[in-house]
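Participant: I would like the atomic coordinates for the input below:
(one chain, ligands or ions: 1)
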Amino acid sequence: MPTLAKYVFVTGGVVSGLGKGVLTASLGCLLRSRGVRVTLQKIDPYLNVDAGTMNPYEHGEVFVTKDGLETDLDIGHYERFLHEDLSRANYLTTGQVYWAVIQRERCGDYLGQTVQVIPHITEEIKGRIKGALEATGSELVVVEVGGTVGDIEGLPYLEAIRQLRDELPREDVAVVHLAYVPVLSTTGELKTKPTQHSVKELRAVGIQPDFIVARCPTPLPLALRKKIALFCDVPVEHVIEDRDLSSIYEVPLALAAEDFDRKLLHRLGLSSAASDLAAWEDFVRRLQNAEETLRIGIVGKYVELRDAYLSIVEALRHAGAALGKKVEVAWIPAQKVEEQGEKALAGVQGILVPGGFGERGIAGKIFAAEHARRTGLPYFGICLGMQVAVIAFARAVLGWSEANSTEFDPRTPYPVIDLLPEQAGVKAKGGTMRLGEYPAKVQPGTRLRAAYGEAQIGERHRHRYEFNPRYLEEFERAGLVPCAISPDERLVEAVELRDHPWYVAVQFHPEFRSRPLRPHPLFLAFLRACASFSS
Ligand code: GLN
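Facilitator: This is a model prediction of the structure:
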């Protein structure tokens, strides 16, 4: 008996930013809820080998998988909607594909051949798509093709999909096309023409979609569904409404109301077990019905672009829903703190300083960390947020006014944050940080231990610098204590203030492990502290 291998491709048309990542993640959530062994894969048609070297201004946060790949933020949506850790096998870029083919060419694997996009690149793409099923032991993979149909970069992927449709039995491959149905402001009418045009583009490369998902601001009436069905050559029941919703977590429920998952399984020749979305529905209800608001200040460099801190915001939401609180984020530009001081931090019940790189805004973040220390305001430092807390403490409490990280001042007399020993001499920037999950020991009697309730943790990392162990004793004596350390006791993974209601700063990124139905213990503990600060 051959094992089951089914492929669903999600393409996008008209404009980017329609929510292809959330649609893909939602399909994962729905199929999983019916007991299907499903995995998700994202294709980013860039020449970058991973997302680590890309600009958060353009692409939002860099997500890190457990096995240490720096990916696009959609992988974060996938993990959150699947409640599962993904890996390198779930993320594919053009850079990776070409790299592998060129290396093979240099090894002589293609001796005598002309190496070309078709068939060599397309074969590599197909191999990696199939590889996602194998690596995860799944029976179905939903593959999101980044970008929009018609982009030059996307062509080899669409060609690979076209070939797979030809090579495999009809019921093993389905194509879902997400397109935009805008409302004309002058007449208030929904317009289907952009959708028709993008389907035309898809057909021009030989792909007939099986489902059209119509992203629309208002409900999609039957007449328009029929029109899309007729012009795009799909059955009318295969035109799926994807309306603007107040939260991304409502999307699976809205798609389930359209019976999308059952129709998709039917198209793939799979019988569908009853779906169980009760826990997800309960989470969405909590999210919507929370009455009390907690106002959390995020002090960062990229606050004008919210997606740069996406996983942190989602982690706050998950923890908030579990506690019955609505989290309102006050976005505080670090530079505003530099200009206005305390005034910029007024009115928040807790401060979170997230990860970051480079010197801009550092003084503002140090000020925020010091403000929280002095006033008893709950403080949660993440990665760079831990490093600035250490610098602030060194300057204010230990009296080392020039203490710094060597990232910002290579000649500081007090390098309280310094390069990891294994980073000395590393020149290349791509994929060379300390990346992925590492174990750590949580010290007994600390707030961190109370939050985790466990002595051993594993958390994901993305940094080059770390707490300089040379100064450990001085810090500890003065009240900033290490609360998590690496198993070999060489690295300080987290610190906290002994005499403070809740001041915890971690070198890792707990936000990557938070899930809607399994909020992260540190985010829960932080929000609990924030809630009692207000009362
Ligand atoms: N820039 C710091 C480092 O490289 C912090 C990194 C981060 O916050 N992710 O160590």
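
Participant: Tell me the backbone dihedrals of Val329, please.
Facilitator: phi -90, psi 130 (degrees, to the nearest 10).

Participant: Can you tell me who it pairs with across the strands?
Facilitator: Ile296 (DSSP bridges).

Participant: Give the residue spans of this protein that score low on pLDDT.
Facilitator: 1-2, 534-535 (pLDDT under 70).

Participant: most remote residue from it's center?
Facilitator: Distance from the C-alpha centroid of the chain, by Cα atoms, centre = their mean, peaks at Gly112 (42.9 Å).

Participant: And it, how far from Thr93?
Facilitator: From Gly112 across to Thr93, the span is 29 Å (Cβ to Cβ, to the nearest Å). In this view, the C-beta of every residue, glycine as well, is placed from N, C-alpha and C.

Participant: near the ligand, which residues of this protein show up?
Facilitator: Within reach of the ligand by Cβ under 6 Å from any ligand atom, the chain has these residues: Gly355, Gly356, Phe357, Cys383, Leu384, Gln387, Glu407, Arg462, His463, Arg464, Tyr465.

Participant: These in strands, which ones?
Facilitator: Here DSSP state E is the test, and those give Arg462, His463, Tyr465 as lying in strands.

Participant: Contact partners for the nearest residue to Val353 once chain neighbours are set aside?
Facilitator: Leaving aside its chain neighbours, Val353 sits nearest to Gly385 (3.3 Å; criterion: Cβ to Cβ, 6 or more residues apart in numbering). Shown in contact with Gly385 (Cβ atoms under 8 Å, 6 or more residues apart in numbering): Leu352, Val353, Pro354, Gly355, Lys365, Ala369, Ala505.

Participant: got it, and Val327?
Facilitator: Thr293, Leu294, Ile296, Leu316, Arg317, Ala319, Gly320, Leu527.

Participant: quick one: it and the ligand, what's the gap?
Facilitator: Note on Val327: its distance to the ligand, by Cβ to the nearest ligand atom, to the nearest Å, is 21 Å.

Participant: I'd like the next helix or strand past the one helix or strand that residue maps to.
Facilitator: Using DSSP states H and E, Val327 falls within strand 325-333. Note on strand 325-333: by DSSP H and E, the next helix or strand toward the C-terminus is helix 334-340.

Participant: What is that next one packed up against?
Facilitator: For helix 334-340, the packing partners by 3 or more Cβ pairs under 8 Å, 6 or more residues apart in numbering; DSSP states H and E come out as strand 292-300, helix 362-375.

Participant: one step back: need the ones in strands among the residues of the chain next to the ligand in CSV with distance to Ser514 and neighbour count, can you?
Facilitator: What follows is these, written out as CSV (distance: Cβ to Cβ, whole Å; neighbours: other Cβ atoms under 10 Å):
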residue, distance to Ser514, neighbour count
Arg462, 16, 21
His463, 19, 21
Tyr465, 24, 22
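
Participant: Closest to Arg37 out of those residues?
Facilitator: Among these, Arg462 lies closest to Arg37 (Cβ to Cβ), at 29.7 Å.

Participant: Need phi/psi at the residue nearest to that closest one when sequence neighbours are not counted.
Facilitator: Among residues not flanking Arg462 along the chain, Val64 sits closest, at 5.0 Å (Cβ to Cβ, 6+ apart). The phi and psi torsions at Val64 (degrees, to the nearest 10) take the values phi -120, psi 130.

Participant: From Val236, how far off is Val64?
Facilitator: Counting by Cβ to Cβ, the gap from Val64 to Val236 is 43 Å.

Participant: Between those two, which has more neighbouring residues?
Facilitator: Using other Cβ atoms under 10 Å as the criterion, Val64 and Val236 rank with Val64 on top: 26 against 12.

Participant: wait, what's in contact with the spatially most central residue of the chain?
Facilitator: Of all residues in the chain, the one closest to the mean position by Cα atoms, centre = their mean is Gly76, 2.7 Å from it. Going by Cβ under 8 Å, 6+ apart, Gly76 touches Glu61, Phe63, Leu310, Ser311, Glu314, Phe512.

Participant: returning to that earlier point: compare the residues of the chain next to the ligand and tell me which is most surrounded.
Facilitator: Neighbour max across the residues of the chain next to the ligand (other Cβ under 10 Å) = Gln387, 29 neighbours.

Participant: Not counting sequence-adjacent ones, nearest residue to that one?
Facilitator: In space, Gln387 is closest to Ile417, 4.6 Å off (Cβ to Cβ, 6+ apart).

Participant: pretty sure the one you found is in a strand, no?
Facilitator: Yes. Judged by DSSP: H, G, I helix; E, B strand; the rest coil, Ile417 forms part of a strand.

Participant: show me the residues around it that make contact.
Facilitator: Contacts of Ile417 (Cβ under 8 Å, 6+ apart): Gln387, Val390, Ile391, Asn404, Ser405, Thr406, Glu407, Tyr465, Glu466, Phe467, Asn468.
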